[in-house]
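K.L.:
no sequence for this one, just the structure:
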């Protein structure tokens, strides 16, 4: 039985997964100041300075000090250390997808979610993690080198704990199954927001900014923000994907209440 990952964002390609890019290091830490991170793994192929600029402004208007991680910053080891970096809010602008099993009767989805890195894949790296099925090779588009992708089991074993962090996962199928949301919550996050199915990139960038406006400018609760965004923007026009959040009890809280 062969296992491989499903592409995502705008195409349903049955294969493995991918990416790569430029970088910027985080700013110095101001103790006591609330901190947010934008993890932009898509930078190498799908740059959006307008999205980064507006998302940063919205987060800063809410009082966050914002670090930007882009392209080559996003490695397996970056995900390994991420829980220990003490962020209160993390936006994952990264490709993601679910594991598929190729069997005689056809393709069967398995309840395992992966987040892409921008680190080129090689069989000689992270051998233990590959043998224990915590990382996989991955392809984002054809004619581009394979990259590593990490799953929820990898995040579970990552260094440190999140401290009431709000997680916003922009990638496809980031909340198709419960494995990734529950793992982040078990690691100390207070809320996880993700997409039910595949999403198109232009749509998800727009919707994320709308959602951030509701969360940071209008100071709505999680449930109110998602309901307003879905009412204003609708589901994905190509894939009918919609936003979900976990756990349910986080829905009646604002970001300020969730991170404290």
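P.N.:
Received it, and whenever you're ready, just let me know what you need. A quick note: this is a predicted structure, and the numbers were derived from the prediction, not measured.
K.L.:
any idea whether residue 180 is helix, strand or coil?
P.N.:
Here residue 180 is helix, with the state taken from DSSP: H, G, I helix; E, B strand; the rest coil.
K.L.:
Relative to residue 147, how far out is it?
P.N.:
Going from residue 180 to residue 147 by C-beta to C-beta, to the nearest Å gives 18 Å. In short, each C-beta sits where N, CA and C put it, glycine included.
K.L.:
same deal with residue 188?
P.N.:
27 Å.
K.L.:
Give me the more crowded residue out of those two.
P.N.:
Between residue 188 and residue 147, residue 147 has the larger neighbour count (other C-beta atoms under 10 Å), namely 27 against 13.
K.L.:
Quick check on the more buried one: phi, psi?
P.N.:
The phi and psi torsions at residue 147 (degrees, to the nearest 10) take the values phi -130, psi 170.
K.L.:
any idea how far it lies from residue 138?
P.N.:
5 Å.
K.L.:
Which parts of stretch 126-135 count as buried, going by neighbours?
P.N.:
By neighbour count on 16 or more other C-beta atoms under 10 Å, the buried set for stretch 126-135 is 126, 129-130, 134-135.
K.L.:
contacts for it?
P.N.:
With contacts defined as C-beta atoms under 8 Å, 6 or more residues apart in numbering, stretch 126-135 is touched by 3, 76, 123, 136, 148-151, 153-154, 157.
K.L.:
any idea of the mean pLDDT in the helix or strand harbouring residue 56?
P.N.:
Counting by DSSP states H and E, the element that carries residue 56 is helix 49-61. Averaging pLDDT along helix 49-61 yields 98.
K.L.:
list the helices and strands that helix packs on?
P.N.:
Packed against helix 49-61 by the contact rule (3 or more C-beta pairs under 8 Å, 6 or more residues apart in numbering; DSSP states H and E) you find strand 35-40, strand 65-70, strand 89-93, helix 201-212.
K.L.:
switch to 6 Å and redo it
P.N.:
Identification of packing neighbours for helix 49-61 by 3 or more C-beta pairs under 6 Å, 6 or more residues apart in numbering; DSSP states H and E yields strand 65-70, helix 201-212.
K.L.:
Using TSV, please lay out the ones you listed together with mean neighbour count and distance to residue 98.
P.N.:
Putting the helices and strands packed on helix 49-61 into TSV (neighbours: other C-beta atoms under 10 Å; distance: least, C-beta to C-beta, whole Å) gives the following:
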stretch	mean neighbour count	distance to residue 98
strand 65-70	21	24
helix 201-212	20	17
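K.L.:
With mean pLDDT and distance to residue 116 added, can I get the ones you listed in TSV?
P.N.:
Shown next, in TSV, are the helices and strands packed on helix 49-61 (pLDDT from 0 to 100; distance: least, C-beta to C-beta, whole Å):
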stretch	mean pLDDT	distance to residue 116
strand 65-70	98	13
helix 201-212	97	13
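K.L.:
Now tabulate the ones you listed in JSON lines and tack on distance to residue 219.
P.N.:
Output for the helices and strands packed on helix 49-61, formatted as JSON lines (distance: least, C-beta to C-beta, whole Å):
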{"stretch": "strand 65-70", "distance to residue 219": "18"}
{"stretch": "helix 201-212", "distance to residue 219": "12"}
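K.L.:
wait, which of those is closest to residue 114?
P.N.:
helix 201-212 (17.2 Å; C-beta to C-beta).
K.L.:
Specify the angle between the helix or strand following the closest one and helix 201-212 in degrees.
P.N.:
The helix or strand immediately downstream of helix 201-212 is helix 222-233, counting by DSSP H and E. Counting by axes from the mean of the first three to the mean of the last three C-alpha atoms, to 10 degrees, helix 222-233 lies at 130 degrees to helix 201-212.
K.L.:
Need the contact partners of helix 222-233.
P.N.:
Residues outside helix 222-233 that contact it (C-beta atoms under 6 Å, 6 or more residues apart in numbering): 191, 207, 210-211, 214-215, 243, 245, 250-251.
K.L.:
and residue 141, what pLDDT?
P.N.:
84.
K.L.:
ok, it to residue 95 distance?
P.N.:
10 Å.
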